[in-house]
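J.: What follows is a predicted protein model with its sequence.
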Amino acid sequence: MKHASFVVAVVLLGSGCGPNPPAPVQVMAVAPTQTGAYSTRQVTLRTITSMTALKGSIAEFTGGARIVFDGNDPLQQINGGLVGQSEDQRFQSTVKDKGLDVRGNYIERAGVLWPADFDTWNMVTTYYNFEQSYAYWQAVNTGVDLPELQKMRVYYWPDVHFDSSSATTDNALFLSVIKSFIIVPQGTEQTIPLAMNLGVIGHETAHKVFNHRVMNDEGIHPALVNWSLAPFNLLKSIDEGFADFHGYGVTCASDTGCRPQFLNVSIADTRSTSIRDLSNPNACLTESLKSSFTNSNSATWIRSPDLYQVGNIFAAALYQAGNQYAGLAGVTQMEHALLASYNDPTPGALGLSQLLNQNIATPAAFTPEAVANSIAAHISDATLRKLWCNEISDRMDMTTCLPFPCPTVLPACPTTSSRGTVAACNK
Amino acid sequence: MRRALIWLCLTLVAVPAFAETDEAIPYDDNKGDPDLEVGPKKKKKIRRDERVREDDEDAKTRDETLTHLDDPNVGLGAELFAGVMLLESSRGAGVAPLFSFGARATWEFGRLIPDEYLREMFFADLQWQFAQSTDGTTEVHSTSTQHYFTVAPAFAIPLGDKSPISVYGQLGGGLNANFTSLIIDKTETPITGTKFLFQYGIGLRGRPAIVDDGALRISFRFEVTRYLRGYMSDTFIGGSVGVVF
């Protein structure tokens, strides 16, 4: 018997088996406390199947990949470039090194796994954040599973280049082109790592849901290729703004509670975080911002903070309307309404996907008013709908809808809604 | 009846002996073979050969018992070593190169074997090795310290007769002690753990004498050692220097 145990031990040692207890697994992670400060905390991973490889039904991690976007790469020029390539071709031509399984390193104490190095702390916390994000989405989707958020591919610490010899650092992204999340290495940022920030992972999962439901799960949607100026800028801005709004919603599950400024702990530059504060009462489309929104070309817009600022106007309007209506419960209703508006073929209450895809050839029809109307059409409560219409019309300065409300442009807005309720935008 | 049988047997055995008293009758097919000639001259030669053989065996025995005079040290040594530890990365690909150092005591237990050749072939190390990694941001970072405690016997093959240089292979085991701290905004969360450690490696070992009688030698090594700590694999590439007395 002793010999058998020894043989088993040697075989296990040789096979490189790690600690892979069945879910739920008790593990230590980094999470915010009630005071908002981050601390180590015991959490439960409910969907994990391999603690060593950080793989489970929600996310699957891969380490050491190399992802390169290079317009001069012959592989990326096939079929006229990435736009003309199939999903698999894009993946093969950009993911130069597919990477390997990560190797979480743990110390076990009384049935709880403790990460034994920084990367394992970071990965475990990231997986936990993906699980928390999924729980949020499932709740917002009225308890129904979201297939697009199953087995999410997560590249941990990859070497990523965007038409540059310098590797990208200090970011967490959802790359629709390869349908993957990437957690790039830390660079100069010395704060709470982005992947440890629950709101950031919530934000990234929101991009995936938007891409799947609004943009037909296409790696490169035709609108992003064919559109320019305001329609293009609006599409990119609402993608970011809605992701911030849902990212905020995901933070409500933490001990700290909802954090409308969830980016602050991870990005030291307050100029970039303040323009994304959901609770900012002064989020308005100023004249200069309107000019930039209307006139910036695609290349300029995607590098401009204005992209986030316009997105923030939508996010702030969603937040303020819900908050005015019933506090957190009102905001939660807005989260449901927003998700419901992503894809709905019902005549008279068309979703954003329908609005987008039916107007590929007529981008001028994709306007802030049309987007606002689609959302309004999915708010069941009339008072909340009115508040939304009030907020968004003032904050986005919807001058095409005057006198307000205008049934031709915003038919979903009730006649009781009115302009001028957001004092900060009517100075 | 029984007595008669024994007598018969003895009689039959004795028949050739009686014949020996007459002239020797060699077999035909041994004719001309000087080795098998058993005349008086030959008997002298055999006795001489036996003496030489006995002398050789005596010399060998004497050599074995005197090998310690050629290399009189007792085979205990100590070394300090340093190099690069290629720590398996949790990130899934590649390794994290770290400066690593340690100390070891060596017992050349092959010296217990009298054979001149075999006594150079076996030694064992008792060693401790250290490596430390730090990673993260100013606000959230961790320090992870690895201590490797192992006992590892080795088998060495000298590069030539009485060469002080040998190549060796080593296999051993021990414990890995891992001390990790995660620091978040100056608040430290420490955790310590141990894992079974399996070690194997190869290297080049030298032990040239530094005094005439060889009682004190310096020792040095160039080595590649692999550690399996649980399911993680680390590789050490380095060198060492020390003394053997």
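T.: That came through, no problem.

J.: Which residue is the nearest non-sequential neighbour of A:Arg360?
T.: Let me fix one detail, which is that residue A:360 is Ile and not Arg. A:Pro222 (5.4 Å; CB to CB, 6 or more residues apart in numbering or on different chains). From N, CA and C alone the C-beta is placed, and that goes for glycine too.

J.: Need the pLDDT of that neighbour.
T.: Looking at A:Pro222, its pLDDT is 96.

J.: surely it meets A:Ala361?
T.: No - in this structure, A:Pro222 is not within contact of A:Ala361 by CB atoms under 8 Å, at 9.5 Å.

J.: So which of those two has more stuff around it?
T.: A:Pro222 (15 against 8; other CB atoms under 10 Å in any protein chain shown).

J.: Going along the chain, name the helices of the chain.
T.: Unless you meant another one, I'm taking chain A. For chain A, helices defined by DSSP state H occupy the ranges A:2-15, A:87-94, A:118-140, A:198-213, A:222-226, A:229-251, A:270-274, A:287-295, A:298-301, A:305-342, A:352-357, A:368-376, A:382-395.

J.: right idea, wrong chain: chain B
T.: For chain B, applying DSSP H gives helices covering B:2-20, B:40-70.

J.: Flag the shaky bits of the chain, pLDDT-wise.
T.: No chain in the question, so chain A it is. Low-confidence regions of chain A, defined by pLDDT under 70, span residues A:1-17, A:427.

J.: try chain B instead
T.: Low-confidence segments of chain B (pLDDT under 70): B:1-71.

J.: Quick one: name the residues of it near chain A.
T.: Residues of chain B lying near chain A by CB under 8 Å from any CB of the partner chain: B:88-94, B:133, B:135-142, B:144, B:178, B:180, B:182, B:184-185, B:187, B:189, B:191-193, B:196, B:198, B:228, B:230-233.

J.: Which residue, other than its chain neighbours, is closest to whichever residue of the stretch 251-400 of chain A sits closest to chain B?
T.: For the stretch 251-400 of chain A, the residue closest to chain B is A:Val265, as judged by CB to the nearest CB, at 8.4 Å. Excluding the flanking residues, the one nearest A:Val265 by CB to CB, 6+ apart is A:Ile192, at 4.6 Å.

J.: circling back to that earlier point, which residues are in contact with the residue of the stretch 251-400 of chain A closest to chain B?
T.: The contact partners of A:Val265, taken as CB atoms under 8 Å, 6 or more residues apart in numbering or on different chains, are A:Pro32, A:Gly36, A:Tyr38, A:Thr191, A:Ile192, A:Asn197.

J.: what's the answer for A:Met396, then?
T.: Per CB under 8 Å, 6+ apart, neighbours of A:Met396: A:Leu285, A:Ile313, A:Phe314, A:Ala317, A:Pro368, A:Ala372.

J.: Could you tell me how far A:Gln309 is located from A:Asn373?
T.: 22 Å (CB to CB, to the nearest Å).

J.: Same check on A:Arg103?
T.: Distance check for A:Arg103 against A:Asn373: by CB to CB, it reads 51 Å.

J.: ditto for A:Gly80
T.: Where A:Asn373 is concerned, A:Gly80 sits at a distance of 36 Å (CB to CB).

J.: Quick check: chain neighbours aside, which residue is closest to B:Asn178?
T.: Of all residues not flanking B:Asn178 in the chain, B:Gly193 sits nearest, at 5.1 Å (CB to CB, 6+ apart).

J.: I'd like to know the beta-bridge partner residues of the residue nearest in space to the middle of chain B.
T.: Geometric centre of chain B, nearest residue: B:Phe122, 1.5 Å, by CA atoms, centre = their mean. Taking DSSP bridges, one finds B:Phe155 as the beta-bridge partners of B:Phe122.

J.: How about the residues of the stretch 101-250 of chain A by chain B?
T.: A:101-105, A:107-109, A:114-123, A:156-157, A:186, A:189-193, A:196.

J.: Out of those residues, which end up buried?
T.: By neighbour count, with 16 or more other CB atoms under 10 Å in any protein chain shown, those hold A:101-105, A:107, A:114-123, A:156-157, A:186, A:189, A:191-193, A:196 as buried.

J.: now the strands for the stretch 1-150 of chain A?
T.: Ranges of strands in the stretch 1-150 of chain A, per DSSP state E, counting those that start in this stretch, are A:25-32, A:38-45, A:48-50, A:55-56, A:59-63, A:66-69, A:95-97, A:106-109, A:112-115.
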